[in-house]
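Participant: how would this look folded up:
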Amino acid sequence: QVQLVESGGGLVQAGGSLTLSCAASGSIFSINVMAWYRQAPGKQRELVATITSRNNTNYADSVKGRFTISRDNAKSTVYLQMSSLKPEDTAVYYCYAVVQRDSSGRYFQYWGQGTQVTVSS
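Facilitator: All right, here's what the predicted structure looks like:
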């Protein structure tokens, strides 16, 4: 099995910065896409940012220019640097990864347990 463990959430004032980390562990042959999603109370889970194994990135319009996603393949870890935070960024942030567990070519999707980010005005 594969586990994704997030860290770095917390309470921050508007305009502040926060960095989230997500470490993958377990039966990992390779990791394809890694991503961050978020879910605010009463809202659907939405995609925040993605990064491929070749470090190609994509961002939701709402976070472009403020958030940066990166990964350390040697550590099987993905990061989300968040700056100029706004109260509307308040949500539970989830890590997501598409993992190949062996050489069979099959990929599996995994989610972290989520970490709370609260931005006060």
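Participant: can you show me the CA trace of stretch 114-121 as PDB?
Facilitator: Provided in PDB are the C-alpha atoms of stretch 114-121 (Å, rounded to 0.1, in the frame of the first residue of the first chain):
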ATOM      1  CA  GLY A 114      -6.000  16.500   4.600                       C
ATOM      2  CA  THR A 115      -4.600  19.400   6.500                       C
ATOM      3  CA  GLN A 116      -6.500  22.500   7.600                       C
ATOM      4  CA  VAL A 117      -5.500  25.900   6.300                       C
ATOM      5  CA  THR A 118      -7.300  28.800   7.900                       C
ATOM      6  CA  VAL A 119      -6.700  32.400   6.800                       C
ATOM      7  CA  SER A 120      -8.000  35.100   9.100                       C
ATOM      8  CA  SER A 121      -9.000  38.500   7.800                       C
END
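Participant: next, the buried residues of that stretch.
Facilitator: Within stretch 114-121, the residues that count as buried by 16 or more other Cβ atoms under 10 Å are 114-115, 117, 119. All C-beta spots, glycine's among them, are computed from the backbone N, C-alpha and C.
Participant: ok, stretch 47-56 next?
Facilitator: Across stretch 47-56, burial judged by 16+ other Cβ under 10 Å covers 48-51.
Participant: let's have these in a markdown table, adding distance to N32 and secondary structure.
Facilitator: Converted to a markdown table, the buried residues of stretch 47-56 look like this (distance: Cβ to Cβ, whole Å; DSSP: H, G, I helix; E, B strand; the rest coil):
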| residue | distance to N32 | secondary structure |
| --- | --- | --- |
| V48 | 18 | strand |
| A49 | 15 | strand |
| T50 | 10 | strand |
| I51 | 10 | strand |
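Participant: if we can go back for a sec, turn the buried residues of stretch 114-121 into CSV, columns for distance to K43.
Facilitator: Formatted as CSV, the buried residues of stretch 114-121 follow (distance: Cβ to Cβ, whole Å):
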residue, distance to K43
G114, 14
T115, 17
V117, 14
V119, 15
